[in-house]
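Asks: This is a predicted model, with the sequence first.
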Amino acid sequence: MGTHDGAAGIAALYDDFGRRWARGTSPLYEEWSLGVAGDGELTQRLAHLPHRLQQPNLLYAAARWAGSPLVGFAQWREWLLTHWEAVLEVAHARSTQTNEPNRCATLLPVLSRIDGPVALLEVGTAGGLCLFPDRYGYEYTAPDGIHRLDPPADETPVLLECRLDEDASLPQRRPEVVWRRGIDLSPIDVRDAEAVDWLATLVWPGPDHDARVARLRAAAAVVASSPPEIIRGDLLETVTDAGAQAPAEATVVVFHSAVLLYLDAQSRQRFSDIMAGLGEAIGRRVLWLSNETTGTYPAVDAQLPRGIRTDHRFVQTVDGRPIALAGQHGAVYETQPFRADRV
């Protein structure tokens, strides 16, 4: 996501968030976003903030953390202007780190097909909830019915649900994960109750999201029982050294969801170049598994089927090649548009 061109750019950002992402899934955030987009005073205020603090997710979560009521835009706007400095204080201290474990349901179709041991390296990992796809249970609704992979017997039951558009995408097993690491600018320790509360505050309000809070807390309990190592640092500066620490016999899977949109275009290209040469640099088999929005990589967008709709969807790529659409919170996984006979 690039820089925003003053108040007009902020208005476009919030309008897009409301219409493309919140609509149909979080009515309140849709109302707030469209309200901000049409409010000259708020867009001017946001335009004068650092780029990081302009993001809708962070503004809304910071407001809620500071005590904002979940009310209509007119009343919320009045509250926000009254408590503006308190909201900015929270936003400065915290960051947008959506850590949705259900995204593992859209990673599993790829991970389950890797032969042999797997080493997971997640960039932008937050608390590491997506580093444990082998510890959760899954329920997939496919065209031919419902299929379950129950969680391991010794784990707290966490059930992740996902709808598939093709039976061929059904995972038959979990990956054999032998090593896991995360990278994040501000790692979250899920043993810290306040940190988990912040992650829960980042979950959008609305009936489609109520279950996400309970699932997040349950997954956090699983991860807290055996916390992964999370490296504090810039992904561009740390991913090569981190990958080199993985077992030599394992396939290193570098993955991320909704992370690269926070980098500028030059940094995204640098990351892509790093990934292209990572296997040779560390002497291991490497697979790059990406879930990002359209607009992140023009080279990926150019490979998408014409007319494809990506609202509420990430484009999932393997080594830069798009293979599926993955729901932003893991609820759907669609491969039909990418079948060779349909492209």
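Replies: That came through, no problem.
Asks: Tell me the secondary structure at the closest residue to Thr335 other than its chain neighbours.
Replies: Leaving aside its sequence neighbours, Thr335 sits nearest to Ala324 (C-beta to C-beta, 6 or more residues apart in numbering; 4.7 Å). Just so you know, the C-beta spots here come from the backbone N, C-alpha and C atoms, and that holds for glycine as well. Using DSSP: H, G, I helix; E, B strand; the rest coil, the structure places Ala324 in strand.
Asks: separation between Glu85 and Glu194?
Replies: Distance of Glu85 to Glu194, given as C-beta to C-beta, to the nearest Å: 21 Å.
Asks: and what of Gly277?
Replies: 40 Å.
Asks: One more: Thr25?
Replies: Taken as C-beta to C-beta, the span from Thr25 to Glu194 is 27 Å.
Asks: One more: Leu170?
Replies: Distance, Leu170 to Glu194, by C-beta to C-beta: 39 Å.
Asks: Of these two, give the one with the bigger neighbour count.
Replies: Neighbour count, other C-beta atoms under 10 Å: between Leu170 and Glu194, Leu170 has more, with 17 against 7.
Asks: gap between the more buried one and Tyr29?
Replies: As for Leu170, its distance to Tyr29 is 32 Å (criterion: C-beta to C-beta).
Asks: what residues does the helix or strand hosting Val253 touch?
Replies: Using DSSP states H and E, Val253 sits within strand 251-257. With contact meaning C-beta atoms under 8 Å, 6 or more residues apart in numbering, strand 251-257 is reached by 100, 103, 107, 111, 114-124, 130, 239, 243, 246, 275, 278-279, 282, 284-292, 314, 326.
Asks: Please narrow these to those residing in strands.
Replies: Residues of those located in strands (DSSP state E): 117-123, 286-292, 314, 326.
Asks: So which of these is the closest to Trp204?
Replies: Phe314 (16.1 Å; C-beta to C-beta).
Asks: Contacts only, for that closest one.
Replies: Residues counted as contacts of Phe314 (C-beta under 8 Å, 6+ apart) are Thr106, Ser257, Ala258, Asn291, Glu292, Thr293, Leu325, Ala326, Gly327, Gln328.
Asks: Redo those as TSV? Include neighbour count and pLDDT.
Replies: Formatted as TSV, the contacts of Phe314 follow (neighbours: other C-beta atoms under 10 Å; pLDDT from 0 to 100):
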residue	neighbour count	pLDDT
Thr106	29	98
Ser257	27	94
Ala258	19	91
Asn291	25	97
Glu292	20	96
Thr293	18	93
Leu325	26	97
Ala326	26	97
Gly327	21	94
Gln328	21	88
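Asks: Tell me the one among those residues nearest to Ala12.
Replies: Ala12 has its nearest neighbour among these in Thr293, at 14.9 Å by C-beta to C-beta.
Asks: For Leu287, see how far away the residue nearest to the closest one when sequence neighbours are not counted is.
Replies: Beyond its immediate neighbours in the sequence, the residue positioned closest to Thr293 (C-beta to C-beta, 6+ apart) is Leu261, lying 5.6 Å away. Leu261 is 21 Å from Leu287, where distance means C-beta to C-beta.
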